[in-house]
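S.K.: Fold the stuff below for me.
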Amino acid sequence: MDKECPQEFVTLAHRMADAAGEVIRKYFRRKIDIIGKDDNSPVTIADRDAEAAMRALIEAEFPSHGIIGEEHGTVQADAEYVWVLDPIDGTLSFISGSPTFGSLIALARNGVPIMGIIDQPISGERWVGANGRTILNGSTITTRACPDLSNATLFAYGTELMEGEHGASFRRLHRAGKRKRFGYDCYAYGLLALGFVDVVADCDMKPYDYAALVPIVENAGGKITDWTGNPLTLSNPGFVLAVVDPASHHQASEILA
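M.R.: Next up, the predicted model:
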């Protein structure tokens, strides 16, 4: 399937990231209310207002496009082009004052992500994956080589991965790596695309958590799938594995299996 993303959509995505960042910076390291959602995850006015700002731009420019947003729901999910938004991926980091969260903006065509942005509005870093390249603040970036996972740097969301029915699989992968860190949210995938992390594994992810990461990792030379090696679309289960190159990804998949 053609994964080319028209420039007008990339331009709009930059405007959306600018709008979300303007909202988020007003609330960062401020005393604001923390609201518990039905799944016990936190949300703030910054999450909701940032997504609303992005959705308003889409609706004004391309009203026929669909939107899947973490905070304000889904419209026209069967459209050819669907925007997938997570205004603050890593709300716990945000409310803890840690600048390792990010705004995630993806555009999917017929269910396949063709463009993704990670925007870190505090550090001023913006990753954009589209049309064969991943760019960080204007410079093309690539993953690094990791021929042996025994020397790999592994990041993951949290120790929850050690538990549950897939815990044994993740513990094998965790033992295989050399350096491990938890809790970096989408920022870990940006570091993988930049060539500083080799493997990122996550579970219980929704489309707005991973859709933007797919073009960023793939266009930087990495491979990102579910834990069984299936491509990530808007209907995948929430297990995500990103690795610096296809050969190393195969090693990681075999360990998880």
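
S.K.: and the residue of the chain most remote from its centre, how far is that from P121?
M.R.: Here the chain reaches farthest from its C-alpha mean at K31, the gap being 26.4 Å by C-alpha atoms, centre = their mean. As judged by C-beta to C-beta, to the nearest Å, K31 and P121 stand 19 Å apart. Placement of C-beta: from N, CA and C, glycine included.

S.K.: Check L149 too.
M.R.: Taken as C-beta to C-beta, the span from L149 to P121 is 33 Å.

S.K.: what comes into contact with stretch 88-104?
M.R.: Residues outside stretch 88-104 that contact it (C-beta atoms under 8 Å, 6 or more residues apart in numbering) are 17, 20-21, 24, 28-29, 32, 34, 41-44, 46-47, 50, 84-87, 116-123, 183-187, 190, 208-209, 211-213.

S.K.: Just the buried subset of these, please.
M.R.: Buried by 16 or more other C-beta atoms under 10 Å: 17, 20-21, 24, 28, 43-44, 46-47, 50, 84-87, 116-122, 183-187, 190, 208-209, 211-213, out of the contacts of stretch 88-104.

S.K.: Next step: those restricted to strands.
M.R.: Among the buried ones among the contacts of stretch 88-104, the residues falling in strands (DSSP state E) are 43, 84-87, 116-120.

S.K.: mind giving me JSON lines with these and columns for distance to G73 and pLDDT?
M.R.: Output for those, formatted as JSON lines (distance: C-beta to C-beta, whole Å; pLDDT from 0 to 100):
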{"residue": "V43", "distance to G73": "13", "pLDDT": "82"}
{"residue": "V84", "distance to G73": "12", "pLDDT": "98"}
{"residue": "L85", "distance to G73": "11", "pLDDT": "98"}
{"residue": "D86", "distance to G73": "13", "pLDDT": "97"}
{"residue": "P87", "distance to G73": "13", "pLDDT": "97"}
{"residue": "G116", "distance to G73": "21", "pLDDT": "98"}
{"residue": "I117", "distance to G73": "21", "pLDDT": "98"}
{"residue": "I118", "distance to G73": "22", "pLDDT": "98"}
{"residue": "D119", "distance to G73": "22", "pLDDT": "98"}
{"residue": "Q120", "distance to G73": "25", "pLDDT": "98"}
